[in-house]
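Enquirer: I need the structure of the sequence given here:
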Amino acid sequence: MREKATCDICGKKLGFRKFKYSTGVICKDCYKLASESYTTTIAEKTFDEVMAAYDRRKSQLESDVNFLPTKRVANYLQIDERRELICLPNNRLIGLIAGDKEGLSAPEYIKWADVYACSIVTTPRLTQSQMRGEGIAKGTTISSLSVEIKTRRPKASHVICFLKNKTRVKSFAFRHTFDLAKRCVDMVNQYCIGKES
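Expert: Prediction:
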């Protein structure tokens, strides 16, 4: 009888369910971490690449343990009122919209005390009334819409990208996205700056 394979990361004996990478196999639990919660494939990766992804994701999860979101705006922004932190999850969708090749990066945590400004930024620049569709020509388009959170340290600003494609200002897609962005700005201003935008 053949000897059962073991996971190359944790050493657990593997049955029928095992996940292959270029030179070996790992268990389902290790695969979940190494594949960024099943969002990437490991079939072509070497052991070192699989281990690096596994370690990176494990450290992310350990740092997330103390963050308990009490308020959120979709998957764009989370607030922990107890620890006075903002979390930008930076999930795959947001990363891909922003043009990030990998698409997935570690969540960003921002202390409320570090935030001094938060605003919606469009290209080309539009005023708040123009973004609401007031006094703007019917066919006017924007090429991007994002929320910029300016902080004192360590990074000058954090960006939540909502739109990266040409979109008509009077379209449903723009209005819906603008409403989400406005909710993010209002929440940051309410908790961090203490005023409504």
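Enquirer: domains of the chain?
Expert: As given by automatic domain parsing, the domain ranges for the chain are 19-64, 71-193.
Enquirer: so can I have JSON lines of the ones you listed showing distance to T6 and mean pLDDT?
Expert: No exception for glycine: its C-beta is placed from N, CA and C like everyone else's. Shown next, in JSON lines, are these (distance: least, CB to CB, whole Å; pLDDT from 0 to 100):
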{"stretch": "domain 19-64", "distance to T6": "8", "mean pLDDT": "86"}
{"stretch": "domain 71-193", "distance to T6": "28", "mean pLDDT": "82"}
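Enquirer: who wins for proximity to D8 among those?
Expert: In this view, those are compared for proximity to D8 by CB to CB, and domain 19-64 is the closest at 4.4 Å.
Enquirer: At which residues are the helices of the chain located?
Expert: Secondary structure of the chain (DSSP state H): helices at 28-34, 47-64, 92-97, 128-131, 172-188.
Enquirer: Figure out which of those helices is closest to E148.
Expert: When the helices of the chain are compared by CB to CB, helix 172-188 sits nearest E148, at 9.3 Å.
Enquirer: who touches that closest one?
Expert: Helix 172-188 is contacted from outside by 71, 73-74, 76-77, 79, 86, 115, 118-120, 131-133, 142, 145-147, 149, 160, 162-163, 167-168, 196-197, using CB atoms under 8 Å, 6 or more residues apart in numbering.
Enquirer: possible to save the domains of the chain as JSON lines with mean neighbour count and distance to E3?
Expert: Written out in JSON lines, the entries for those read as follows (neighbours: other CB atoms under 10 Å; distance: least, CB to CB, whole Å):
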{"stretch": "domain 19-64", "mean neighbour count": "15", "distance to E3": "13"}
{"stretch": "domain 71-193", "mean neighbour count": "16", "distance to E3": "36"}
